[in-house]
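Q: Based on what follows, work out the 3D shape:
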Amino acid sequence: MKKYILILLSFLTLNGIAQGSKDASLLIDKISKRYKKFKSIKADFTYSIESKAEKINEKQKGNIVIKGNKFRLDIAGQTIICDNKTQWTYSKEINEVNIQHYKPKEGIMKLDDIFTMYNKGFVSKIGETVKELGRELTIIELAPKDKKKNYFKIKLYVEKNNQQIIKTIIFDKNGSVHTYNITNQIPNIKFEDGYFTFIPKKYPNVEINDMR
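A: Numbers count the residues shown, from 1 in each chain. Now for the predicted structure:
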């Protein structure tokens, strides 16, 4: 699930422009310019996965805060914190934290690339326009150039009036569909750097596994 969370969150700020139709590239450029202005961003979202073959239909809530190359992600009873050097993964249920060196190259994308992945090899085109909750949304369809990816298509729903990303749907090759609804986005909140480190004294009796 984590890799799809990273894909979703990469859609909130964009550094590059996917190759594809001119209209899609222009729209992505507008979105990119909007989000690049933010020094930080906090986003709340709901994540759902549906697989008819495996009879799965689940939904979870999560939130993430990004400040430069630092982030803090909360979902499914876990808190993942990164200061761009060290990554802490805390499990609330068992009161345990795993500490690792931050190794961006081991993932499908750098964790500090959350919000910045359109320059990583997609072909894009403008899809249909739909209305949801009184908002007019433009759909951008993206296909990865790398056919080895686990997913074959992404639909990005963008509010037409302000270029704000509202929803992403990721279509996996195994038939599962991952949907993210971004329910709230707040830019430029002030977060101290200490917010992006794990402080053991705030978690009494926590078990620490230092794997560095």
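Q: Quick check: residue 139 vs residue 197, distance?
A: 39 Å (C-beta to C-beta, to the nearest Å). Just so you know, the C-beta spots here come from the backbone N, C-alpha and C atoms, and that holds for glycine as well.
Q: ok, residue 169 - contacts?
A: Residues near residue 169 by C-beta atoms under 8 Å, 6 or more residues apart in numbering: 154-155, 157, 177-180.
Q: burial count for residue 28?
A: Residues contacting residue 28 under the criterion other C-beta atoms under 10 Å number 24.
Q: Flag the helix or strand of this structure with the lowest per-element mean pLDDT.
A: Lowest by mean pLDDT, DSSP states H and E among the helices and strands of the chain is strand 19-20, with a mean of 48.
Q: and the helix or strand just after that one, what's its mean pLDDT?
A: Going down the chain from strand 19-20, the next helix or strand is helix 22-36, by DSSP states H and E. For helix 22-36, the mean pLDDT works out to 72.
Q: C-terminal to helix 22-36, what's the next element?
A: Assignment by DSSP H and E places the next element after helix 22-36 at strand 40-51.
Q: So for that following strand, what gets flagged as buried?
A: Neighbour-count burial for strand 40-51 flags 40-43, 45, 47, 49 (criterion: 16 or more other C-beta atoms under 10 Å).
Q: and that strand, what does it pack onto?
A: Judged by 3 or more C-beta pairs under 8 Å, 6 or more residues apart in numbering; DSSP states H and E, strand 40-51 is in contact with helix 2-9, strand 56-67, strand 177-187.
Q: Go again with 6 Å.
A: When contacts are defined as 3 or more C-beta pairs under 6 Å, 6 or more residues apart in numbering; DSSP states H and E, strand 40-51 packs onto strand 56-67, strand 177-187.
Q: Centre of the chain to it, how far?
A: 7 Å (C-alpha atoms, centre = their mean, to the nearest Å).
Q: The chain should start at 592 in everything you say after this.
A: That works, and once the first residue is 592, the last one we named lands at strand 631-642.
Q: what angle sits between that strand and helix 613-627?
A: 130 degrees (axes from the mean of the first three to the mean of the last three C-alpha atoms, to 10 degrees).
Q: what about strand 631-642, average pLDDT?
A: 90.
Q: hey, C-alpha coordinates of it in PDB?
A: This file holds the C-alpha atoms of strand 631-642, laid out as PDB (Å, rounded to 0.1, in the frame of the first residue of the first chain):
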ATOM      1  CA  SER A 631       4.900  23.300   3.200                       C
ATOM      2  CA  ILE A 632       1.600  21.500   2.800                       C
ATOM      3  CA  LYS A 633      -0.700  19.300   5.000                       C
ATOM      4  CA  ALA A 634      -3.100  17.000   3.300                       C
ATOM      5  CA  ASP A 635      -5.900  14.800   4.600                       C
ATOM      6  CA  PHE A 636      -7.100  11.900   2.500                       C
ATOM      7  CA  THR A 637      -9.100   8.700   2.400                       C
ATOM      8  CA  TYR A 638      -7.700   5.700   0.700                       C
ATOM      9  CA  SER A 639      -9.700   2.800  -0.600                       C
ATOM     10  CA  ILE A 640      -8.800  -0.400  -2.400                       C
ATOM     11  CA  GLU A 641     -11.200  -2.600  -4.300                       C
ATOM     12  CA  SER A 642     -10.400  -6.000  -5.900                       C
END
